[in-house]
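In: This is a predicted model, with the sequence first.
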Amino acid sequence: MTWNPFSRNKSLGAPRVAPRVTVRTSMSWPLRLVLAFLFAMVAAAAGVAIYEFGRNIGGPDRRELLAEVDRLSGELREVSAERDRNAAQAAALESELKVQKAAQDQLMQQVNGLEAEQNRLQGDLSFFESLLPAGKGDKGVVIRSFRVQPDPETSQMHYRLLVQQSGKPEKDFAGAVQLRVNFTQNGRGFTLDVPDPNAGAEASQGLQLLFRHYQRIEGGFSLPAGALARSVQVRVISGGEVQLQQTFNL
């Protein structure tokens, strides 16, 4: 009868199992050190390769970035210096323009002052020339001068009138002056009375006459927009009668 280890033995119960056996190969320490060194070298090479690959993908390294920063900083300093130079030149030119503008304004003020002085002297000359003795044929009140010109300050027509008693007057002359201005507007002729008859007594205060030898009267009147003065008729009235009437063309 042959014995089978895997057959059941009714008297012993469960079958028996053979034990497991593990086979290990022994390795010397020098060989293990060589393998560890080779593994470390392979790992280091892989790390360097990964670093170079990442640097190529990620961009320049720190040294390149520092060099670029230095270059840009230098360019910024040059641009800032150029800006400062241009700003200084602009400030110098602006100061020079201010000086020239101040000198020009001063010269214009002097020119205006000289023109005003010239006009004043011309007026005084005309006035004193008008004070010369009247001709032998003149009697009573005479108009020695009358002038009308635009007033740039008031946009009005400014007039000057000088009346005189000829000869050797023995009493004062009392009266008033009336002006009748003839002007055209849009091709049509019109007249303007100065003072306005409907303005009352206050409007004629500046045109009252009371003098022994001579009296100067100055005033102004306004014309409608676009009007052009053609002539002025000057009347000297005393006692309700016209003592003198003369027309001056403009």
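Out: Nice, thanks for sending it over.
In: what about residue 170, which SS state?
Out: Using DSSP: H, G, I helix; E, B strand; the rest coil, the structure places residue 170 in coil.
In: Next one: it, what pLDDT does it get?
Out: Listed pLDDT for residue 170 reads 83.
In: can you check residue 190 too?
Out: pLDDT, residue 190: 93.
In: For it, give me its contacts.
Out: Contacts for residue 190 (Cβ atoms under 8 Å, 6 or more residues apart in numbering) come out as 182, 183, 184, 227. For glycine as for every other residue, the C-beta is placed from the backbone atoms N, C-alpha and C.
In: Kindly report the same for residue 180.
Out: For residue 180, the contact set (Cβ under 8 Å, 6+ apart) comprises 191, 192, 193, 194, 232, 233, 235.
In: Return the set of residues that bridge with it.
Out: Applying DSSP bridges to residue 180 gives these bridge partners: residue 193, residue 233.
In: how close does it get to residue 242?
Out: Distance of residue 180 to residue 242, given as Cβ to Cβ, to the nearest Å: 12 Å.
In: low-scoring pLDDT stretches of this structure, where are they?
Out: For the chain, the stretches with pLDDT under 70 are 1-27, 48, 51-61, 123-139.
In: What segments of it are helices?
Out: Using DSSP state H, the helices found in the chain span residues 29-58, 62-130.
In: Give the buried residues for stretch 87-95.
Out: Buried residues in stretch 87-95, counted by 16 or more other Cβ atoms under 10 Å: none are found.
In: Next: stretch 201-218.
Out: For stretch 201-218, burial by neighbour count (16+ other Cβ under 10 Å) applies to 204, 207, 209, 211, 214, 215, 217.
In: Would you mind pulling the contact partners of that stretch?
Out: In contact with stretch 201-218 (Cβ under 8 Å, 6+ apart) are residues 127, 130-131, 144, 158-165, 169, 171-179, 194-196, 219, 236, 238.
In: how about TSV for the helices of the chain, with distance to residue 152 added?
Out: Formatted as TSV, the helices of the chain follow (distance: least, Cβ to Cβ, whole Å):
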stretch	distance to residue 152
helix 29-58	79
helix 62-130	11
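In: Quickly name whichever of the buried residues of stretch 201-218 is closest to residue 77.
Out: Checking the buried residues of stretch 201-218 against residue 77 by Cβ to Cβ gives residue 217 as the nearest, at 77.4 Å.
In: Enumerate the beta-bridge partners assigned to the closest one.
Out: residue 161.
In: what about residue 157, how many residues close to it?
Out: 22 (other Cβ atoms under 10 Å).
In: if I look at it, how far off is residue 235?
Out: Distance, residue 157 to residue 235, using Cβ to Cβ: 18 Å.
In: same check, this time on residue 211
Out: According to Cβ to Cβ, residue 211 stands 17 Å off from residue 235.
In: Please narrow the contacts of residue 190 to those residing in strands.
Out: Using DSSP state E, the subset of those located in strands is 182, 183, 184.
In: Can you tell me which of these are buried?
Out: When the ones in strands among the contacts of residue 190 are checked for burial by 16+ other Cβ under 10 Å, the buried set is 182, 183.
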